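In: Just to be clear, the model below is a prediction. Sequence and coordinates:
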Amino acid sequence: MKFDVEFNACGLMCPLPVTRAKKHMRELSVGQVLHIITDNSNACADFPKLLKNMSEYEMADVQKDGRKYHFYIKRI
């Protein structure tokens, strides 16, 4: 999937992948996509919970590649 900004959160423990991703999300313009890479399996539950409270973003895609998770979050 095409993205505008990439944030590699591999090696970060909870809650750092989510808290640092929020900083990158705030910098997105409408229509831009943030690609988050993490090896923290808790993120599979954490990012959807985060987006429930942030109506200006949507999960555009989620992919698993071995031990890594790829989240694509779009500002709408």
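Out: It's in.
In: how long is stretch 23-43 end to end?
Out: 16 Å (Cα to Cα, to the nearest Å).
In: avg pLDDT for it?
Out: If you average the pLDDT over stretch 23-43, you get 96.
In: how about that stretch: buried residues?
Out: Residues of stretch 23-43 classed as buried: His24, Met25, Leu28, Val33, Leu34, His35, Ile36, Ile37, Thr38, Asn40, Ala43 (neighbour count, 16 or more other Cβ atoms under 10 Å). No exception for glycine: its C-beta is placed from N, CA and C like everyone else's.
In: which helices and strands sit right next to the helix or strand harbouring the fifth one?
Out: Read that as Leu34. Using DSSP states H and E, Leu34 sits within strand 33-38. Judged by 3 or more Cβ pairs under 8 Å, 6 or more residues apart in numbering; DSSP states H and E, the packing partners of strand 33-38 are strand 5-8, helix 16-26, strand 68-75.
In: want to throw the ones you listed into CSV with distance to Pro48?
Out: Compiled in CSV, those are given as follows (distance: least, Cβ to Cβ, whole Å):
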stretch, distance to Pro48
strand 5-8, 17
helix 16-26, 11
strand 68-75, 9
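In: Among those, which comes closest to Leu50?
Out: When the helices and strands packed on strand 33-38 are compared by Cβ to Cβ, helix 16-26 sits nearest Leu50, at 5.7 Å.
In: name the helices or strands packed onto the closest one?
Out: When contacts are defined as 3+ Cβ pairs under 8 Å, 6+ apart, helix 16-26 sits against strand 5-8, strand 33-38, helix 43-52, strand 68-75.
In: thinking again about what came up before, so what strands line up beside the strand holding Leu34?
Out: Under the criterion DSSP bridges, strand 33-38 sits next to strand 5-8 (parallel), strand 68-75 (antiparallel) in its sheet.
In: Off-centre distance for the shortest one?
Out: Offset of strand 5-8 from its chain centre (Cα atoms, centre = their mean, to the nearest Å): 8 Å.
In: Make 40 the first number, not 1, from now on.
Out: Fine by me, first position is 40 from now on; the one you just mentioned is strand 44-47.
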